[in-house]
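>>> Show me how the following folds:
(one chain, ligands or ions: 2)
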Amino acid sequence: MFWRSPIRGPWLTSVLGTLLVPAITVIALTGFIDHWAHYGNDSVGPAGDIPALFHFTASWPSWSYAATQGMHVTLGMMVFPLVLAKLWSVMPKLFQRPVIKSVAGALERISLLGLVASVLVELATGMCMMQDWTPGNFNFTTVHYYGAWLFGTLFVLHACIKLPVMRRAYRERGVLKPMMEGVSQTKPEPLDEGGLAPINPAAPTISRRGLLAMVGGASLTIFAVQAGESLGGPFRRLALLAPRGRVFGTGPNDFPVTRTAASAEITSAMTGTDWRLTVVGARSISFSRQQLLAMAQSTRTLTIACTDGWSTTQHWTGVPLATLARLVDAPQGAILRPVSLEPGVTSAALSSSLYSDSRSLLALRVNGVDISLDHGYPARVTLPDVPGTLNVKWVRELRFEAA
Ligand SMILES: Nc1nc2c(c(=O)[nH]1)N[C@H]1C(S)=C(S)[C@@H](COP(=O)(O)O)O[C@H]1N2
Ligand SMILES: [Mo]
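Ligands and ions are numbered 1, 2, ... in the order given. Got it, this is the predicted structure:
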């Protein structure tokens, strides 16, 4: 037969599958938390309110969302070698004949096809989003989200169906015993019903622990060149997998920009001395930038974490949103809708518990200097512990609307 590797067999596949369980669990949980943070559990989509997560996390550090998001994308990339090794270990199954032996067998084959297809779709769409690559505005988020449900369901089903096979493999071969064998002691597993162990094994060229070390090494390498995107600061330099050709800023404004002022069609004429901020509540007040700067300023260390996979922590200075809410007599429990100079930008409404948090600012300065045009000059919203997309840039109006 064609598939002759002596390390293939139920034990190896069981170990690779077992390692996938905690990895997939963390990736799924952090992914669903991220979705929940974006859309809430009772909202109508990105333009809706996002009350749920914030009520839950108001007392958490401002980087909690960034940590969740960073874990999702970093682990999501690190799991790639493990998925490939798992697929390699079951490769002979793809070539088994007859293709369909029974109704149950056919159903299993279809579910496996879905499992493999959905995991590849999740990895591919995830990487496209991290590269901020949106051909024809194809909606990767939606595909990634529904793909996750399909993959998650089939993964749980598959793990349940294979439990007896895994238990037998561990019982007969020991959980760790095959790991003690070097290349020369590596013997093929006995032939199994599943057809994983080779009928005509070749001589071993790598031990089972060697293969696992290779997978682990590949994952750690991915960690080394990926984690910097989420950790930010000096680690950003190590993030070789980060999108290329990104615009940053200079000096205190040197941190990532996804949407530049140029791409948002923001000109310095729109943001010059004529710029005013309109705050609407029970009454309306308009402020010049000078007037905003003359108010009591607050400085907060806040993390912006984008779904694209990067995070950045900076020291923002500005007027607390709660102060502005008070000045215009915002109705009790009102939601806040920030409006940008950028045409067509509608932010999700911010719940009152979110903008009432003393860390939530209308930021005017960053790291001791004015924020740059690319980072949202004359003013931007900066918030603790929420998806980056809520930190609206180039703000021209803050509307406190009765909920
Ligand atoms: N007006 C405006 N505000 C915006 C955006 C935008 O495209 N336009 N992008 C949002 C997103 S997706 C993120 S992650 C944060 C940080 O974006 P930046 O990197 O473009 O500064 O700003 C948010 N605020
Ligand atoms: Mo973002």
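>>> for the residue of the stretch 51-200 of the chain found nearest ligand 2, what are its contacts?
Closest residue of the stretch 51-200 of the chain to ligand 2, CB to the ion: D132 (8.7 Å). For glycine as for every other residue, the C-beta is placed from the backbone atoms N, C-alpha and C. The contact partners of D132, taken as CB atoms under 8 Å, 6 or more residues apart in numbering, are 243, 258, 308.
>>> Y146: how many residues sit nearby?
Y146 sits with 12 neighbouring residues when counted by other CB atoms under 10 Å.
>>> In terms of helices and strands, where is it?
Using DSSP states H and E, Y146 maps to helix 140-173.
>>> Give me the packing partners of that helix, helices and strands only.
Applying 3 or more CB pairs under 8 Å, 6 or more residues apart in numbering; DSSP states H and E, one finds that helix 140-173 contacts helix 10-39, helix 103-130.
>>> Including distance to F138 and mean pLDDT, could those go into CSV?
What follows is these, written out as CSV (distance: least, CB to CB, whole Å; pLDDT from 0 to 100):
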stretch, distance to F138, mean pLDDT
helix 10-39, 18, 93
helix 103-130, 8, 93
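>>> Determine which stretch of those is the most buried.
Most buried of these, by mean neighbour count (mean count of other CB atoms under 10 Å): helix 10-39, with a mean of 19.
>>> just how off-centre is that helix within its chain?
13 Å (CA atoms, centre = their mean, to the nearest Å).
>>> can you state the direction angle for that helix and helix 140-173?
150 degrees (axes from the mean of the first three to the mean of the last three CA atoms, to 10 degrees).
>>> helices or strands next to helix 10-39 in the packing?
helix 51-57, helix 64-78, helix 80-89, helix 140-173, helix 208-231.
>>> Tell me which of those lies nearest to H315.
Each of the helices and strands packed on helix 10-39 has some distance to H315 by CB to CB; the shortest is helix 64-78, at 15.4 Å.
>>> Run through who's touching the closest one.
With CB under 8 Å, 6+ apart as the test, helix 64-78 has contacts from 23, 26-27, 30-31, 33-34, 37, 53, 57, 122-123, 126-127, 130, 219-220, 222-223, 226-227, 229-231, 241, 303-305, 307, 309, 311, 313, 385-387.
>>> quick one: pLDDT of the residue of the stretch 201-350 of the chain found nearest ligand 2?
Closest to ligand 2 within the stretch 201-350 of the chain is C306: 3.2 Å, counting by CB to the ion. We have a pLDDT of 89 for C306.
>>> Let me know how buried it is, in neighbour terms.
21.
>>> Over to the one 4 residues further on?
The local packing count at W310 equals 28, with neighbours defined by other CB under 10 Å.
>>> Then Y355?
Other residues close to Y355 by other CB under 10 Å number 26.
>>> Grab the nearest non-local neighbour of it.
Setting aside the residues directly before and after it, Y355 is nearest to L321 in space (CB to CB, 6 or more residues apart in numbering), at 4.1 Å.
>>> got a list of what the one you found touches?
336, 350, 355-356, 360-362, 381, 398.
>>> from the residues you listed, which single one is nearest ligand 1?
Nearest to ligand 1, judged by CB to the nearest ligand atom, of the contacts of L321 is V381 at 7.8 Å.
>>> Backbone dihedrals for the residue in the chain that ligand 1 sits nearest to, both of them.
In the chain, the residue that lies nearest ligand 1 is G388 (2.6 Å; CB to the nearest ligand atom). Note on G388: backbone dihedrals following degrees, to the nearest 10 are phi -50, psi -30.
>>> Quick check: closest non-adjacent residue to it.
Nearest to G388 is C306, by CB to CB, 6+ apart, at 3.9 Å.
>>> ok, now I24?
Nearest one to I24, counting by CB to CB, 6+ apart, is F155 at 6.0 Å.
>>> residue contacts, that neighbour?
F155 touches 24, 115, 119, counting by CB under 8 Å, 6+ apart.
>>> For the residue lying farthest from the centre of the chain, give its distance to P188.
Relative to the C-alpha centroid of the chain, counting by CA atoms, centre = their mean, N200 is the outermost residue, at 43.8 Å. Look at N200 and P188: by CB to CB, to the nearest Å, they are 10 Å apart.
>>> I'd like to know which helix or strand in the protein has the lowest mean pLDDT.
None of the helices or strands of the chain scores lower by mean pLDDT, DSSP states H and E than helix 51-57, at a mean of 49.
>>> that older thread, T278: which of the helices and strands packed on helix 140-173 is closest?
Closest among the helices and strands packed on helix 140-173, once you apply CB to CB, is helix 10-39, at 27.1 Å.
>>> picking up where we left off before, among the contacts of L321, which one sits closest to E265?
So of the contacts of L321, ranked by how close each gets to E265 (CB to CB), first place is V381, at 19.5 Å.
>>> Assumed the closest one was part of a strand.
Yes. Counting by DSSP: H, G, I helix; E, B strand; the rest coil, V381 is located in a strand.
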